[in-house]
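Chemist: prediction below, plus the sequence it came from.
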Amino acid sequence: MKAKALITISSFLFILFSCEKDKSDVTYGVTYMKSEIQPLTDIQYYSSNGNINSKSLFPWWITNDSGRFSYLTTSILSPGFLDSLRFINPQEAISKYYNSETKYSMEKTGSRMILTGKNVTSNYATYADEYTKSPQYYLLQYKPDVLDEWIISSTRGDYLFGYAARQKYLVFESDGKLILPIIFYQQRRKGQQINSTYLNNNLDKDFFKKIMPGDTISVMQARLIYTQK
C-alpha cells in the first residue's frame with residue numbers, strides 16, 4: 001500500500017513539474033510583430049582582463065558609441081531582422097521578412113524558447129577573425145551550431161572568413177508579449193573600429209575571456225518587444 005501511494009505521489013510530482021516546465025502563455029498560430037525596443041543597461045567596456053572603468057577611456061569613444069548604439073536601436077525596428085514571429089506548436093516556429101519565411105525547431109522551458117534554424121546558413125565573418133573568434137559568436141550565451149569555417153580571401157594579409165551554421169535565437173514570453181534580449185556591441189582593435197552590430201541572445205557571463213588581445217568591446221543590452229498582430 002505504501003509503495004502504491006509512493007508511486008502515485010511521484011507521478012503527481014512529475015506531472016506538476018512537467019506542467020511548470022512547459023508553462024507558457026504563447027498563443028500558437030498567432031503572428032507577433034515588432035513593436036518597441038527598451039534599453040536595459042548603460043554602455044560598458046571590456047578587454048580580455050574584464051570590465052574597464054569608463055573614466056580611463058578616451059571621451060570620444062563614449063560619444064561615438066552612444067551615437068552608434070542610438071542608430072542601431074532605431075534600425076533594429078526597421079524591416080529586416082525577425083520582423084514577425086509565429087509559433088506553430090511547442091516544437092516549431094516561423095519568422096518572416098516580407099514574403100520570406102524561415103523555419104526553426106524550438107526547445108521550450110517555461111517562458112524561455114530557444115529557436116534553432118532548420119536550414120544551414122552560409123555567411124562571412126568580419127575580416128579580422130574567424131567567426132568563432134569574433135564577438136558575433138563569443139558574446140552569445142546560446143551559440144549557433146557551427147558546421148564549418150573557411151578562408152574566402154587573404155588579399156594583402158587581410159583575411160575574410162566564411163562559415164556555415166544553424167543560427168539560434170532566444171525568446172521569452174511575458175504578459176502575452178514576446179521579449180528578445182538584444183546585445184549591441186562595437187569592437188575596436190588597437191583603438192580602431194572594426195565591427196559593430198546587434199545580436200539576439202543573453203550575454204555570455206565569461207565572454208570577456210574570449211576577447212582577442214588588443215581588442216576592446218563596448219556593450220549595451222536591451223530588449224526587443226513583440227505584440228500580437
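Modeler: Perfect, thanks for sending it.

Chemist: surely residue 170 touches residue 201?
Modeler: Yes. Using Cβ atoms under 8 Å, residue 170 is in contact with residue 201, at 5.2 Å. C-beta coordinates here come from the backbone N, C-alpha and C atoms, glycine included.

Chemist: which SSE is residue 227 in?
Modeler: strand 215-228 (DSSP states H and E).

Chemist: which parts of that strand are buried?
Modeler: Going by neighbour count (16 or more other Cβ atoms under 10 Å), the buried part of strand 215-228 is 215-226.

Chemist: residue contacts, residue 120?
Modeler: Residues in contact with residue 120, defined by Cβ atoms under 8 Å, 6 or more residues apart in numbering, are 147, 164-166.

Chemist: let's see that with 6 Å instead.
Modeler: Contacts of residue 120 were listed using Cβ atoms under 6 Å, 6 or more residues apart in numbering, and they are 164, 166.

Chemist: where's it relative to residue 197, distance?
Modeler: The gap separating residue 120 from residue 197 is 21 Å, by Cβ to Cβ, to the nearest Å.

Chemist: how about residue 217?
Modeler: With Cβ to Cβ as the criterion, residue 217 and residue 197 are 12 Å apart.

Chemist: now stretch 124-142, how far from the centre of its chain.
Modeler: Its chain's C-alpha centre and that of stretch 124-142 lie 12 Å apart, by Cα atoms, centre = their mean, to the nearest Å.

Chemist: tell me which residues in it are buried?
Modeler: For stretch 124-142, burial by neighbour count (16+ other Cβ under 10 Å) applies to 125-140, 142.

Chemist: next step: those restricted to strands.
Modeler: Among these, no member falls in strands (DSSP state E).

Chemist: now the helices: where do they sit in this protein?
Modeler: 2-22, 59-75, 135-138 (DSSP state H).

Chemist: looking at those, which one has the lowest mean pLDDT?
Modeler: Of all the helices of the chain, mean pLDDT reaches its minimum on helix 2-22 (a mean of 41).

Chemist: what's the pLDDT at the nearest residue to residue 51 once chain neighbours are set aside?
Modeler: Spatial nearest neighbour of residue 51, chain neighbours left out: residue 44 (6.5 Å); criterion: Cβ to Cβ, 6 or more residues apart in numbering. The model reports residue 44 with a pLDDT of 94.

Chemist: how many other residues sit next to residue 44?
Modeler: For residue 44, the neighbour count with other Cβ atoms under 10 Å is 14.

Chemist: looks like it contacts residue 219 (just checking).
Modeler: Yes. With contact defined as Cβ atoms under 6 Å, residue 44 reaches residue 219; the gap is 5.3 Å.

Chemist: which regions of this protein sit below the pLDDT cut-off?
Modeler: Residues of the chain meeting the criterion pLDDT under 70: 1-24, 126-127.
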